[in-house]
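Participant: Pasting the sequence and the predicted coordinates here, then a few questions.
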Amino acid sequence: MSSSSTSSQRSDFISSGKPRESVNGVTVRLVGDSGDGMQLLGTQLTNVSALSGNDVATFPDFPAEIRAPRGTRAGVSGYQVHFASEEIYTPGDGLDALVAMNPAALVTNLGDLKRSGLLILNSDSFEAKDLKLAKLDQDPRQTGRLKDYRVIEVAMTTLTRGAVEGTGLSVKDADQCKNFFAMGLVFWLYGRDYEPTLRFIESKFKHLPAVAEANRRALTAGWNYGETTEDFVSTYQVAPARLPPGTYKNVMGNQALAWGLMAAAELSGKELFIGAYPITPASDVLHELSRYKHYGVRTFQAEDEIAAVCSAIGTAFGGGMGVTVSSGPGIALKAEGMGLAVMLELPMLILNIQRGGPSTGLPTKTEQADLLMAMFGRNGEAPMPILAARSPADCFDTAIEAWRIATKLMTPVMVLSDGYIANGAEPWRIPDLASLPKIEIRHPEAGTGAEPFKPYLRNENLSRPWAVPGTPGLMHRIGGLEKEDGTGNISYDPQNHQHMVNTRAQKVENAAKFIEPVQVVGDDSGLLVLSWGGTYGACYTATAQARAQGKRVGHAHLRWLNPFPANLGDVLRQYDRVLIPELNTGQLRLLINGRYQVGAVGLNKVQGKPFTVTELVEEIVRLA
Amino acid sequence: MSSSSTSSQRSDFISSGKPRESVNGVTVRLVGDSGDGMQLLGTQLTNVSALSGNDVATFPDFPAEIRAPRGTRAGVSGYQVHFASEEIYTPGDGLDALVAMNPAALVTNLGDLKRSGLLILNSDSFEAKDLKLAKLDQDPRQTGRLKDYRVIEVAMTTLTRGAVEGTGLSVKDADQCKNFFAMGLVFWLYGRDYEPTLRFIESKFKHLPAVAEANRRALTAGWNYGETTEDFVSTYQVAPARLPPGTYKNVMGNQALAWGLMAAAELSGKELFIGAYPITPASDVLHELSRYKHYGVRTFQAEDEIAAVCSAIGTAFGGGMGVTVSSGPGIALKAEGMGLAVMLELPMLILNIQRGGPSTGLPTKTEQADLLMAMFGRNGEAPMPILAARSPADCFDTAIEAWRIATKLMTPVMVLSDGYIANGAEPWRIPDLASLPKIEIRHPEAGTGAEPFKPYLRNENLSRPWAVPGTPGLMHRIGGLEKEDGTGNISYDPQNHQHMVNTRAQKVENAAKFIEPVQVVGDDSGLLVLSWGGTYGACYTATAQARAQGKRVGHAHLRWLNPFPANLGDVLRQYDRVLIPELNTGQLRLLINGRYQVGAVGLNKVQGKPFTVTELVEEIVRLA
Amino acid sequence: MATDLPVLTANDFASDQDVRWCPGCGDYSILAQMKKILPTLGVPPDQTVFISGIGCSSRFPYYVNTYGLHSIHGRAPAFATGLKMTRPDLSVWVITGDGDALSIGGNHFIHLMRRNVDLNIVLFNNSIYGLTKGQYSPTSPQGKVTKSTPMGSLDFPLNPISMALAAEATFVARSVDTNIKHLGEILIRAAQHRGTSFVEVYQNCNVFNDGAWDYAKDKAVREQNTVELEHGKPLLFAGGKKGIRLNGFEPEVVEMDGRISQDDLLFHDEKTSSPALAYMLSRLRYPDFPEPIGVFRRVERPTYDYQVNQQVEQAREQRGAGNLQKLITSGDTWTVT
Amino acid sequence: MATDLPVLTANDFASDQDVRWCPGCGDYSILAQMKKILPTLGVPPDQTVFISGIGCSSRFPYYVNTYGLHSIHGRAPAFATGLKMTRPDLSVWVITGDGDALSIGGNHFIHLMRRNVDLNIVLFNNSIYGLTKGQYSPTSPQGKVTKSTPMGSLDFPLNPISMALAAEATFVARSVDTNIKHLGEILIRAAQHRGTSFVEVYQNCNVFNDGAWDYAKDKAVREQNTVELEHGKPLLFAGGKKGIRLNGFEPEVVEMDGRISQDDLLFHDEKTSSPALAYMLSRLRYPDFPEPIGVFRRVERPTYDYQVNQQVEQAREQRGAGNLQKLITSGDTWTVT
Ligand SMILES: Cc1ncc(C[n+]2csc(CCOP(=O)(O)OP(=O)(O)O)c2C)c(N)n1
Ligand SMILES: Cc1ncc(C[n+]2csc(CCOP(=O)(O)OP(=O)(O)O)c2C)c(N)n1
Ligand code: SF4
Ligand code: SF4
Ligand SMILES: [Mg+2]
Ligand SMILES: [Mg+2]
């Protein structure tokens, strides 16, 4: 079911009678036990905010355990939403409001709430046992710890129980509804339309009418509570953002990536095959794609990551669009297969949704520490093009661009995303697919068979023909041993090996002919902030703020990590200093200094979390 | 059986009556069909040359096939020996003599023979069918192609048949002896003692007396042929080299590596475990070690490379010396396991005998193209110390040093060798093991169990205690998830993650405290040639030659690639220019420029072959 | 052992870590049984090692106060093999899941079996990927609707017992998480066996695959749907009301209504030299047959670790303990003075 | 097919590459049989694909003039699975060795079997690693002295047929490199089977493991040491002088000296729904028993590739061909003007 609205019609739902305070943007974090439904609450708030025309950016953060122990600090699940009347690029640093469903959630998140920020607590969950689970000796409400904040206590559990009475739900089930109560309250507070959420409840619980009813009631009870109680003196109003015209939809990174792959398949006249082995945070790409068999998508849950990459190569050999997706440990396992793909010179995509490492690391946290593995994690000289998405919506375009280059140059291409992008959400201007440039693929046609077919004859871009089994006369055999250029026969000839190593490298370099030059936003001298991947939003925002403070700062963002855009060297040399902020210990920095020797410095953070704008601004101001 | 001699007693074996011409060094290449026993011939020549007190360096080069088709170019097997009366570091560039057993061998190797060089041919193998197999239209002896060389044709097959007549061998078996005939001739030519080879024949064929007898006869027949025929006017005399005093032995790289591991085990009071899956050119390390069970060595031919690295980690967890060895594709498969080893902070060694890549590549050829994979081929920030052997004999010391650092810092260590080192041979001054410094390992002793043991408490080098199962009171559990420092408990804490990432990196950096500073040979300004691994000998020789030509050139060789020696930056900055020759497309260069930004330039060759001194000298002279 | 060992209790094997499985997960029950039987084995915690891969089940080592290694996905058998080859004195347990052991780890699994390394491997079979939140696993039935298979899975399931037997396992058994007495006994028998002891445990994942094993767990029906294997005893189930008989090579269920004597039934023999009988039993699957629980096969074969160390001994006996200085000085040498 | 296909010969399937196996290698014979049977299958070279791993045997694709992929060690089944899922129209062969399939590739091997991808996999079993010059393999007997096991190998060998059966294979057969008629027939039957057809071929490596299969190859003894399986026929061998009978669950060799009728013998049935019979046959090993050659098992089960594509069809039928613009515009959207 699709429903759409235009942002100009925003105001006709019943709105609060209390005074409204207009603000440009708000950052709210919803925290509670992982069983409390915080992710659902966050998603809904994101959705209705986007629907009301705000720009939004989100940051979900949940525990690694499936069901972490209830009420403990380890079990806290959070969802941060930033919505604004202007274009925004990050989920926000300091919180304007924090909604905490229990003491563990409160104490682990309080530090991020701004002074005088709004703190909404479920006062029913501050019993002795709750405090004990949170490893608290004292009730934080009584220690003065909360004195800097505007604390509003709401007996959410009690109020929810009351609201759902008569629906026939057990107390336990009734208590499950309290996130909808909290939702109603938050929606009221920020003047959000709850209609879409009512629709959501309807469709989600269509087989459980009592639960649907209870949740509906909890939601409206929460809304009404805001309107009625005197604790709240006003609501906040965030006007629609001035986004470029178009039809928008809220997307998450992994979803946009999946759709981008489907679009790439369609644009190139191919059917999509994805071979993958489940792993956090990459599994959702597989899940999403498995739902689109009627689009000709074939998904393969392989026995391991090695089989996954190999199955995608098999697909590529057969002329299909072969893709594999994984995260750090799984990508490591694909190294040998990727090396073969480089040798075979077949187009395919390897998607790495990076997570905290090394080893099993921090599976549910984000990091950018697989760049050098993407570059060098294969034996021998095995270069492949690498590009990285910068935000959830950008995953769509990234997938298309990756496939365009892969097929143009007959090469595997690595796409980097990360946990922050994968699970984050933002408004996406829905493209008109018909207007996107097609991806031209030409498979050579039947040969006479008179002469052996030459699978490694190259065109002007050094790419070889993609001859497909089933084509008469083009039979050929390829493999991982070094091959004679042209014929593709095994060759141990020293000069040929040198030639092939050079050719494979040059072919990847040739991608620079087809990619956008790097663009600078802001000043063209002074300090350049160079970013890649998921730190785009924070770097963009921080450089803008620094300029607002009168600093000479430019911002360049790299979509392509291999090859670098042709103009990158020139751009770098325009500046006095180059700062490369990364969520690793300096991986892009090594590549930039190794190649351009511009003395770039790094701001490096490896904490499983994205940059805050504040920490970036501080460093930029220090250097600029 | 051991036999030894002193180089001062060299002259008492029967020597030629013909005049002797004294030369400083000779480079001979023996080439023939892979069934012709060229590797054996080469090994023997190497051995007797070493025994006669020469310094030697070798370069075996054989086809990838088990039994490549007889008589074809693809089937040519070669062995190059350089022996000299001075210290030498390479197997030589241009050949002084080429012994070719058939036309295919002749034409594929002729290009390397110096003008006026000696060319010895088996004239019995130039029949029409031989020429055809070699894809030759004409007999190269008749085309004038050989006019620049001193060609000596010897009817080796016929002469051998004659010599072995009466031993009861079939013609086919008799023909197998012709490599010994050739050997006798070569030995005569260079005044080599054939006694050791007679002993070798005796032991090798002790169960085949007729074959032993035939080979003995063929050998002496070859020697006598040289003495008798008028084709040869003089023999060549290469005086013993002035090597440092000591007892010497000829060793191959993989053998020295295996022995070095055994020595490391002994020095640290450990028993050695090696888990490996066969792969060229690494298998011989496994083979060699499997022979020493009475030394407490346990070898494990695992089901694959992943199991191999994991079994070594399992051994390390149990307090043993765990090692794994492989080559490119196999090392790629070990990436995930190595990442875990980094997280576990357990000492172990990963040995990579590099070969031509990418993918299956050129399995029997040499290359240095796995350095960046060694550095970065793991997900997340997973640094480990890396060092590289520089020559066959040096493998022994390298293994010991690697284990010393691994145990001192509680970290996996990667050791790089390559196919050239692995199969090459050189004289090795046998160390007195008792005089080598012990490797001190202290396992914590039984705890009270009153408090949980802290497996990640660190000492001044940041290394953690190696507590071993079986020790009362020290029970602990470790794994690949990020750990809290100290306790080793799973931790998702952002600051702890940052701290642990930094700590693991710093710990690797700390190795710089225990390794030799980099030393420069030659000039301390001008051009610095910076090398690593198996190119040592060629770079050493080339820089010396360039200095002899009046150029200001220094040579520094890196044993440690991670961390770099503490003084490296200072050394680099002393020079106007830095040249980094590598058998890859510039991997060390990226690391050096990335870190020190000294504008180092590269001389890069990826042809499956080592550098020749000539090509290095040319480039050095051009730059210096 | 002659020395007096302190009497250990389950508590001595409990670690200080909070157990982090979902409330109601079958893993709790297996953990409880393990902690109960460990003190009875005569091996102190410090000589016991638990090694696991990755998965919910593989969190197990954190919860027992022994030495423990939470390794990487699918590879636990390889770590354990290296450890046991060099430390045959330790008592080693491998904990794994159906995905860990049979999907990514299938190769190590079969090679562990054939080598017969002296350790115990317990596979927590919940027929689902728990930790990655509910994809089908190699033991999920065809048609299983999961996150990755919205139209139903297509892969024909693997039978862990058949696989272990084909891979030449010497001890193969099955039990059920909540059948605590049976489970405890099987774990003890596994521990007592010299060689690789493989135990499949039906484990309920109440979050992603709730009820998958109800037929074998529910008090009301489990007697109908399982048959307990006992060495030398006939295959009787349903409280003795039914039995299993061989018809040529094909097993069949018969009612023990008096017309058939127990002697006509199939008698279980754990120790046949050929694994063919055990293999046949592994093919009995619900709902066509009751599923056997208990020990399918238990035979003696020298263990891998024993033989490895035996070769070391033998080499030392035959050739003397190695002298490295002698080795490196052997063969052709020369002296420069 | 109604159209007239050109009549193909073995030569049409010969590539222009020099064959690079050692003279005398058993691989030649298998190659010859393959080139002989390929033209009889009605599939032109351009619709045939050979995929291999790494090993001497895995050089095979270079020598047939079809499409070919010489992949990486042990992974050929995975490439083939991806190819066949997306190109079910192609005829796919996987060529592998005992190390390739059962050592490094063991996991992909079992998952290929259970999925029943419609392709043919031929395992050249020479019980040795040929390409890496002679280490023992997973099928080498215990005690095998090789470069890596100077005191004899310790790993208990895997039985490829047992493994395939336990992994739920639908077609399982064995033949011998030099038994060319038999081999040719088995390859044809493998090609005809819909689903994964697994064929083990005893192959002589005359360089590193010469004579390993002499008992099953030598004209003089092979009739004594092998028994040819024929569907519906009794197990007779030694020129009809001996047979195999079941004694309870245990097979035994009997002399057909007149006292025993053929009807008492074990009759082969390729198609029993349970693989237990085939499994039992896989346990017959020389020298205790004659080793069966021929088809152990052949049953029908929908193929993986068919079902994958069937789900695509079905989804299209139920939901209409996907419209991507509609998909991305579905759900909650808003318009900025
Ligand atoms: C190399 C690698 N691939 C994938 C994963 C993600 N992963 C973790 S556990 C798991 C499967 C869990 O299933 P199972 O083994 O049945 O254990 P359970 O959680 O059900 O106990 C997967 C796919 C990983 N950690 N590492
Ligand atoms: C990842 C990897 N590991 C190891 C090797 C080395 N290797 C090549 S073939 C082979 C085994 C060959 O044995 P088998 O599969 O039985 O084939 P055969 O040569 O006997 O036909 C090995 C270990 C490799 N190429 N790649
Ligand atoms: S997800 Fe399933 S298997 Fe994992 S802990 Fe929860 S209930 Fe247990
Ligand atoms: S090594 Fe053995 S298997 Fe390989 S080609 Fe030679 S004979 Fe054949
Ligand atoms: Mg599971
Ligand atoms: Mg083999």
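Facilitator: Right, received. Where do you want to start? Ligands and ions are numbered 1, 2, ... in the order given.

Participant: list the contacts for residue C:146?
Facilitator: C:128, C:134, C:135, C:136, C:140, C:153, C:208 (C-beta atoms under 8 Å, 6 or more residues apart in numbering or on different chains). (C-beta placed from N, C-alpha, C; glycine too.)

Participant: Assess the claim that the second one and residue C:212 are in contact.
Facilitator: No - look at residue C:134 against residue C:212 with C-beta atoms under 8 Å: they stay out of range, at 12.0 Å.

Participant: Give me the common contacts of the two.
Facilitator: With C-beta under 8 Å, 6+ apart as the test, residue C:134 and residue C:212 both reach residue C:128.

Participant: In a markdown table, list the contacts of residue C:146 along with neighbour count, pLDDT and secondary structure.
Facilitator: Listed next are these as a markdown table, based on neighbours: other C-beta atoms under 10 Å in any protein chain shown; pLDDT from 0 to 100; DSSP: H, G, I helix; E, B strand; the rest coil:
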| residue | neighbour count | pLDDT | secondary structure |
| --- | --- | --- | --- |
| C:128 | 27 | 98 | coil |
| C:134 | 20 | 96 | coil |
| C:135 | 26 | 98 | strand |
| C:136 | 30 | 98 | coil |
| C:140 | 25 | 98 | coil |
| C:153 | 22 | 98 | coil |
| C:208 | 22 | 97 | coil |
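
Participant: Same list, those residues, but only the ones touching ligand 5.
Facilitator: Contacts with ligand 5 within the contacts of residue C:146, as defined by C-beta under 5 Å from the ion: none are present.

Participant: Of these, just say which sits nearest to residue D:80.
Facilitator: Lowest distance from residue D:80 to the contacts of residue C:146 (C-beta to C-beta) belongs to residue C:153, with 20.0 Å.

Participant: which phi and psi does the residue of the stretch 1-150 of chain C found nearest ligand 2 have?
Facilitator: Residue nearest to ligand 2 within the stretch 1-150 of chain C (C-beta to the nearest ligand atom): residue C:107, separated by 12.8 Å. Note on residue C:107: backbone dihedrals following degrees, to the nearest 10 are phi -70, psi -40.

Participant: my read: it touches residue D:111, true?
Facilitator: No - using C-beta under 8 Å, residue C:107 makes no contact with residue D:111, being 10.1 Å away.

Participant: Enumerate the positions of stretch A:607-620 that are buried.
Facilitator: A:607, A:608, A:609, A:610, A:611, A:612, A:613, A:616, A:617, A:619, A:620 (16 or more other C-beta atoms under 10 Å in any protein chain shown).

Participant: I'd guess residue A:462 is in a helix, am I close?
Facilitator: No - Residue A:462: not assigned to a helix; according to DSSP: H, G, I helix; E, B strand; the rest coil it is coil.

Participant: Now for the residue lying closest to it once chain neighbours are set aside, which secondary structure element holds it?
Facilitator: In this structure, residue A:462 finds its nearest non-sequential neighbour in residue A:507, 4.2 Å apart by C-beta to C-beta, 6 or more residues apart in numbering or on different chains. Using DSSP states H and E, residue A:507 maps to helix A:494-510.

Participant: Relative to the whole chain's centre, how far out is that helix?
Facilitator: Distance, stretch centre to chain centre, for helix A:494-510: 35 Å (C-alpha atoms, centre = their mean, to the nearest Å).

Participant: tell me the contacts of the spatially closest residue to residue C:299 that is not a sequence neighbour?
Facilitator: The shortest distance from residue C:299 to any non-neighbouring residue, by C-beta to C-beta, 6+ apart, is to residue C:170 (5.1 Å). Applying C-beta under 8 Å, 6+ apart to residue C:170 gives the contacts C:116, C:193, C:195, C:196, C:197, C:297, C:298, C:299, C:300, C:301.

Participant: got it, and residue A:464?
Facilitator: Contact partners of residue A:464, counting by C-beta under 8 Å, 6+ apart, are A:345, A:410, A:455, A:456, A:457, A:458.

Participant: how near is the closest residue to the fourth one other than its chain neighbours to residue D:64?
Facilitator: What that stands for is residue A:456. Setting aside the residues directly before and after it, residue A:456 is nearest to residue A:488 in space (C-beta to C-beta, 6+ apart), at 4.3 Å. From residue A:488 across to residue D:64, the span is 15 Å (C-beta to C-beta, to the nearest Å).

Participant: Would you mind telling me which of the two has more residues around it?
Facilitator: residue D:64 (26 against 21; other C-beta atoms under 10 Å in any protein chain shown).

Participant: Let me know whether that one touches residue D:16 as I believe.
Facilitator: No - the criterion here is C-beta under 8 Å, and residue D:64 misses it with residue D:16 at 11.1 Å.

Participant: Can you show me the helices along the stretch 451-600 of chain A?
Facilitator: All helices of the stretch 451-600 of chain A, identified by DSSP state H, counting those that start in this stretch, fall at A:494-510, A:536-548, A:568-573, A:587-596.

Participant: go on, chain C?
Facilitator: For chain C, the helices defined by DSSP state H occupy C:27-37, C:76-86, C:98-99, C:106-115, C:160-166, C:180-192, C:214-217, C:219-225, C:276-282, C:304-319, C:324-329.

Participant: Show me what from the stretch 51-200 of chain C comes close to ligand 5.
Facilitator: Counting by C-beta under 5 Å from the ion, the stretch 51-200 of chain C sits next to ligand 5 at C:97, C:98, C:126.

Participant: Tell me the confidence at the residue nearest to residue A:462?
Facilitator: Looking at residue A:507, its pLDDT reads 98.

Participant: got the contact list for it?
Facilitator: With contact taken as C-beta under 8 Å, 6+ apart, residue A:507 is in contact with A:345, A:409, A:410, A:411, A:461, A:462, A:463.

Participant: Nearest to chain A within chain C, name that residue for me.
Facilitator: residue C:22 (3.5 Å; C-beta to the nearest C-beta).

Participant: on that earlier part again, tell me which of the buried residues of stretch A:607-620 fall in helices.
Facilitator: Applying DSSP H to the buried residues of stretch A:607-620, the entries found in helices are A:613, A:616, A:617, A:619, A:620.

Participant: Max pairwise distance over those residues: which two?
Facilitator: The span of these, defined through C-beta to C-beta, is set by A:613 and A:619 at 11.1 Å.

Participant: Show me the beta-bridge partners of residue C:336.
Facilitator: Beta-bridge partners of residue C:336, counted by DSSP bridges, are residue B:246.

Participant: For it, give me its contacts.
Facilitator: B:6, B:7, B:53, B:240, B:243, B:244, B:245, B:246, B:247, B:248.

Participant: do residue A:533 as well
Facilitator: Contacts of residue A:533 by C-beta under 8 Å, 6+ apart are A:368, A:388, A:389, A:390, A:416, A:417, A:418, A:421.
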